[in-house]
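[1] pasting a predicted model and its sequence here:
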Amino acid sequence: MGNINGLRNVRSRSAHHGSCRRSLGFTLLVLALVSNARAQQQFNLPVTNSLKDVPATDILKDAPARKAAISNALAASPQGSQPEEEDFIKPGRPGVANPAEIHKAGVLQVGYGYDANFRSQELHTEQTGPFALRFAATSRLLLELDLDTFKSETDEATRMRETGIGDARVGLQVVALKDTAQHPALAFAYYVKLPTASKEKGLGTGRYDHTFVFLLSKKVGEVDFDFNGAYLNLGREDGAGRESGGQAAFSFSREFENNFGLQGELSGQSLDEAQPRGVYALTAVTYKVNRRLQFDGGLRFGLTSDAPRVGVFAGMTVGVADLFGKGK
């Protein structure tokens, strides 16, 4: 009997321990399922930036757009842009057409040369020594003084020769628009001729002349194109009163890597001004020693009966001072 009761107690304790083990296992299973569900839920949530609470996935998605926006902002800012450097000198010789844009502000530019025409209707030979002083007061305002330092004329019929100082001319040029991808450069100029040449020797008219000019310039690739149109109002040499006329000039120029350049021009005028009336074709070769000094030389051909048959010229342009800078 005692053995039977003891056996029952042993079975009862064994059953109790088995029940406890099953309860513990069930509890662990439930906890594992709960933990797995929470982990899955957290895995499905977007990852956040701990600094600004912005989803990192959105940052990665917008990164290319933000990078492009920053690049555009830098390019548009003055620090990101690289404006083209102004020319230290911009020669106004040897042709009739001048560029609409001017050289570096503060630079005093000097041009000097020799110019000769041969076999016109009235003159066998005409020789001058043109001097030009050009000062860029600002990036848009140019002040100019021109003078024929000597003038020599040989009459075609008598072969008599007269020599003296030629006329002077003062004026200014204002740049209205600079050359961009949308439009060419545009400028306006006014010059008045001072009658410093001797009327008695036949070297000048002894009258004041006025010239109003509009200038267009455009750079296409490596070639510079210039067009000038002018209204001429000149005093008559042989009597009272004045006469009006026009002048036009179209030129192109190209500078090569070896510092040599080529220039061509077609010009014409209805009255005697810097050149006798007529239509001309000009070709010139230039050589730029450095940014301060350039030489030129070439030929000019008369295309109409009233123009001299041929002309020759040579000269130089030099930037002698940079009054607003340090001459860098």
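    Thanks, I have the structure now. What you see is a predicted model, and the numbers here were worked out from it, not measured in a lab. Numbers count the residues shown, from 1 in each chain.

[2] strands along the stretch 201-328 of the chain, start to end?
    Applying DSSP state E, counting those that start in this stretch to the stretch 201-328 of the chain gives strands spanning 209-220, 223-235, 242-255, 260-269, 278-290, 293-302, 310-322.

[3] buried ones in the third one?
    Residues of strand 242-255 classed as buried: 247-251, 253, 255 (neighbour count, 16 or more other CB atoms under 10 Å). C-betas here are computed from N, CA, C, even on glycine.

[4] leaving out chain neighbours, which residue sits closest to Lys324?
    Careful, residue 324 is Phe and not Lys. Distances taken as CB to CB, 6 or more residues apart in numbering put Gly106 closest to Phe324, at 2.7 Å, once the chain neighbours are dropped.

[5] how far away is the one you found from Leu323?
    To Leu323, Gly106 is 5 Å away according to CB to CB, to the nearest Å.

[6] how about Val110?
    Using CB to CB, one obtains 13 Å as the distance from Val110 to Leu323.

[7] counting neighbours, go ahead and name the busier of those two.
    Regarding Val110 and Leu323, a neighbour count based on other CB atoms under 10 Å identifies Val110 as having more, with 16 against 12.

[8] ok, that one - contacts?
    Shown in contact with Val110 (CB atoms under 8 Å, 6 or more residues apart in numbering): 131-134, 317-320.

[9] JSON lines for these, including pLDDT, distance to Tyr280 and neighbour count?
    JSON lines is the format used below for the contacts of Val110 (pLDDT from 0 to 100; distance: CB to CB, whole Å; neighbours: other CB atoms under 10 Å):
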{"residue": "Phe131", "pLDDT": "97", "distance to Tyr280": "21", "neighbour count": "18"}
{"residue": "Ala132", "pLDDT": "97", "distance to Tyr280": "19", "neighbour count": "19"}
{"residue": "Leu133", "pLDDT": "97", "distance to Tyr280": "25", "neighbour count": "16"}
{"residue": "Arg134", "pLDDT": "97", "distance to Tyr280": "23", "neighbour count": "24"}
{"residue": "Thr317", "pLDDT": "97", "distance to Tyr280": "21", "neighbour count": "25"}
{"residue": "Val318", "pLDDT": "97", "distance to Tyr280": "26", "neighbour count": "17"}
{"residue": "Gly319", "pLDDT": "95", "distance to Tyr280": "28", "neighbour count": "23"}
{"residue": "Val320", "pLDDT": "91", "distance to Tyr280": "30", "neighbour count": "12"}
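
[10] now, among the residues you listed, which is nearest to Leu303?
    Checking the contacts of Val110 against Leu303 by CB to CB gives Ala132 as the nearest, at 25.5 Å.

[11] bridged to the closest one, which residues?
    According to DSSP bridges, the residues that bridge with Ala132 are Gly111, Asp146.

[12] isn't it up against Thr149?
    No: checked against CB atoms under 8 Å, the pair Ala132 and Thr149 is beyond contact range at 10.6 Å.

[13] what touches both of those two?
    Taking CB under 8 Å, 6+ apart as the contact criterion, the residues that touch both Ala132 and Thr149 are Tyr112.

[14] how about TSV for the contacts of Val110, with distance to Tyr287 added?
    Written out in TSV, the entries for those read as follows (distance: CB to CB, whole Å):
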residue	distance to Tyr287
Phe131	20
Ala132	19
Leu133	22
Arg134	20
Thr317	11
Val318	13
Gly319	16
Val320	19
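
[15] taking these, tell me the two that lie furthest apart.
    Of all pairs drawn from the contacts of Val110, the greatest distance, 15.4 Å, lies between Phe131 and Gly319 (CB to CB).
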